[in-house]
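[1] the amino acid sequence is not available; the structure is as follows:
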């Protein structure tokens, strides 16, 4: 069962106007007892004592955070547009030797600003 636990979804603004509100989706699920279902222990998962995300706590990322993994010669995922890009490096026997790491990609265009461009990642 997935639903936003933070108010981030309702804080999306576009050109000075709120682009989305919590009411948009909450009306569709209000009779489904989502909180009760989330805490039901079916024996097939981990039930936490509170709804705070265990790694990030009460923080959330203000945008998508993209991580891409590929192999040399295959850039079908456009590795330089991800926040973190990993290129798997193997030896001649096919054993993992390590990774080439790219960071800082993404951060696409700014809405209604034609002179902005997505940033390409740098090699770390």
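    Arrived safely. Predicted model, so just to flag it, every value in this text is computed and none were measured.
[2] and the helices in this structure, which stretches?
    22-29, 34-39 (DSSP state H).
[3] pick out the shakiest of the ones you listed, pLDDT-wise.
    Mean pLDDT is lowest for helix 22-29 among the helices of the chain, at a mean of 65.
[4] number of nearby residues for residue 98?
    Around residue 98 there are 11 other residues, counting by other CB atoms under 10 Å. All C-beta spots, glycine's among them, are computed from the backbone N, C-alpha and C.
[5] what of residue 18?
    Counted with other CB under 10 Å, the neighbours of residue 18 add up to 10.
[6] show the pLDDT at it.
    According to the prediction, residue 18 has pLDDT 74.
[7] check residue 10 too.
    56.
[8] do the same with the one 4 residues further on
    Note for residue 14: predicted pLDDT of 75.
[9] so it is in contact with residue 111, correct?
    Yes. Look at residue 14 against residue 111 with CB atoms under 8 Å: they come within range, at 6.5 Å.
[10] how near is the closest residue to residue 88 other than its chain neighbours to residue 104?
    The spatially closest residue to residue 88, leaving aside those adjacent along the chain, is residue 71, at 5.1 Å (CB to CB, 6 or more residues apart in numbering). For residue 71, the distance to residue 104 (CB to CB, to the nearest Å) stands at 21 Å.
[11] so who does residue 19 touch?
    Contacts here follow CB atoms under 8 Å, 6 or more residues apart in numbering; on that basis residue 19 touches 12, 13.
[12] try 6 Å
    Taking CB atoms under 6 Å, 6 or more residues apart in numbering as the definition of contact, the neighbours of residue 19 are residue 12.
[13] quick revisit: count of neighbours near the residue nearest to residue 88?
    Residues within reach of residue 71, counting by other CB under 10 Å, total 11.
[14] in the sheet, which residues pair with the nearest residue to residue 99 once chain neighbours are set aside? Tell me.
    Setting aside the residues directly before and after it, residue 99 is nearest to residue 86 in space (CB to CB, 6+ apart), at 4.6 Å. Here residue 86 shows beta-bridge partners residue 69, residue 101, assigned using DSSP bridges.
[15] ditto for the one 10 residues further on
    Taking DSSP bridges, one obtains residue 90 as the residues bridged to residue 96.
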